[in-house]
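1. generate coordinates for the sequence data below:
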Amino acid sequence: MAMIINGRELANEIDGQTKIEVEKLSHEGLIPHLVVILVGEDEASQIYVRNKHKRAESLGIKSTIIRMPVNSSEEELLIKISDLNKDKDVHAILVQLPLPEQINEQRIIEAISPNKDADGFSPINVGKLSSGETYHLPIACTPMGIMEMFKKYSIDLDGKNAVVVGRSNIVGKPMANLLLNENATVTIAHSHTKNITNIIKQADILVVATGIAHFIKKDQVKIGATVIDVGMDRDENGKLTGDVDFEGVKSIASFITPVPKGVGPMTISMLMKQTVNLAKWSI
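-> Predicted structure coming up:
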């Protein structure tokens, strides 16, 4: 039976460390400042932004939300980002995705200063990560949180077969690079992968981010594998669930993350930690 990786408990622990760091910086006259730009009225985005704002304020981080109407032009958003890039009192910038269809998301991500890149999505930072650099480098928050889980639970990655299911810029690709940096042997599987079950079955470390409920079943998982479920899906009854059949897989895995209370809580905690790091690196 697998040991359950408690993401909420670890996130609370990291938040406690972040709060102490913020207090220390505040006494030195530096208050970390996160600015989140929200374009439009997307309900899910509003919830995410509200949660980030509450978490930041609870840790002593200055949090500013800039709300822009749904019909805002790409140029208007670029001007706003340019102003924030120049503002020395702003340490971290995040543009909440998705954006309205008239705005090119990649152009917006590229416009954010790499030194204020709260999400770790800047092509410059992504390139540094892929080249093996991690010093003073903002990294996508979900993969970074997963690495904290491995560290907390003393899960050895060196030489292990790691399979990442999903190739998004937000999770899959940065996750693969972080695992490579820890000397894992990494395979990325995706919707076009042939014989995907054969590949998954070889994984000592399995990270799943497909957005498909219960995509991974017990018979696809190697006995003793560590299984990280990044999914946030709804089952036929509307209940929150993951990309992994948790009840089945937990009987053969060595470690597994639940949904909820697994990877999810770690993402916002790592965003807060990264905001503080960006503030420290700014000086």
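2. all strands of the stretch 1-150 of the chain, in order?
-> Under the criterion DSSP state E, counting those that start in this stretch, strands of the stretch 1-150 of the chain are mapped to 3-4, 33-39, 62-68, 92-95.
3. got the ones you listed as a markdown table, with mean neighbour count columns?
-> Heads up, the C-betas are built off the backbone N, CA and C, glycines and all. Below are the strands of the stretch 1-150 of the chain laid out as a markdown table (neighbours: other CB atoms under 10 Å):
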| stretch | mean neighbour count |
| --- | --- |
| strand 3-4 | 14 |
| strand 33-39 | 23 |
| strand 62-68 | 17 |
| strand 92-95 | 26 |
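4. nearest to Thr187, of these?
-> Thr187 sits nearest to strand 3-4 of all the strands of the stretch 1-150 of the chain, at 24.3 Å, using CB to CB.
5. can you list the strands that the closest one pairs with?
-> Next to strand 3-4 in the sheet, as set by DSSP bridges, lie strand 255-256 (parallel).
6. gap between the partner strand and the chain center?
-> On the basis of CA atoms, centre = their mean, to the nearest Å, strand 255-256 sits 19 Å off its chain's mean C-alpha point.
7. before we move on, what about stretch 69-89?
-> Distance, centroid of stretch 69-89 to centroid of chain: 23 Å (CA atoms, centre = their mean).
8. tell me the contacts of Val35?
-> Residues in contact with Val35 (CB atoms under 8 Å, 6 or more residues apart in numbering) are Ser63, Thr64, Ile65, Ile66, Leu84, Val90, Ala92, Ile93, Leu94.
9. rerun that using 7 Å as the cut-off
-> Thr64, Ile66, Leu84, Val90, Ile93 (CB atoms under 7 Å, 6 or more residues apart in numbering).
10. got it, and Ile228?
-> Contacts of Ile228 (CB under 7 Å, 6+ apart): Ile146, Leu206, Val207, Val208, Thr257, Val263.
11. and the residue lying closest to the first one once chain neighbours are set aside, what are its bridge partners?
-> What it means is Ile146. Spatial nearest neighbour of Ile146, excluding adjacent residues (CB to CB, 6 or more residues apart in numbering): Ile228 at 5.5 Å. Ile228 has these beta-bridge partners by DSSP bridges: Val207.
12. repeat that for the one 5 residues further on.
-> Per DSSP bridges, residues listed as beta-bridge partners of Asp233: Thr241.
13. ok, it to Ala2 distance?
-> 20 Å (CB to CB, to the nearest Å).
14. ok now stretch 23-38, how far from the chain's centre?
-> Here stretch 23-38 is found 21 Å from its chain centre; the criterion is CA atoms, centre = their mean.
15. what about it, start to end distance?
-> Start and end residues of stretch 23-38 are separated by 28 Å (CA to CA, to the nearest Å).
16. run through the residues that contact Leu59.
-> Asp15, Thr18, Lys19, Val22, Met272.
17. please redo it, this time with the cut-off set to 6 Å
-> Residues near Leu59 by CB atoms under 6 Å, 6 or more residues apart in numbering: Thr18, Lys19, Val22, Met272.
18. if we can go back for a sec, ok, so of the contacts of Val35, who is nearest His33?
-> Nearest to His33 among the contacts of Val35: Val90, at 5.2 Å, using CB to CB.
19. need the pLDDT of the closest one.
-> Val90 is assigned a pLDDT of 98 by the prediction.
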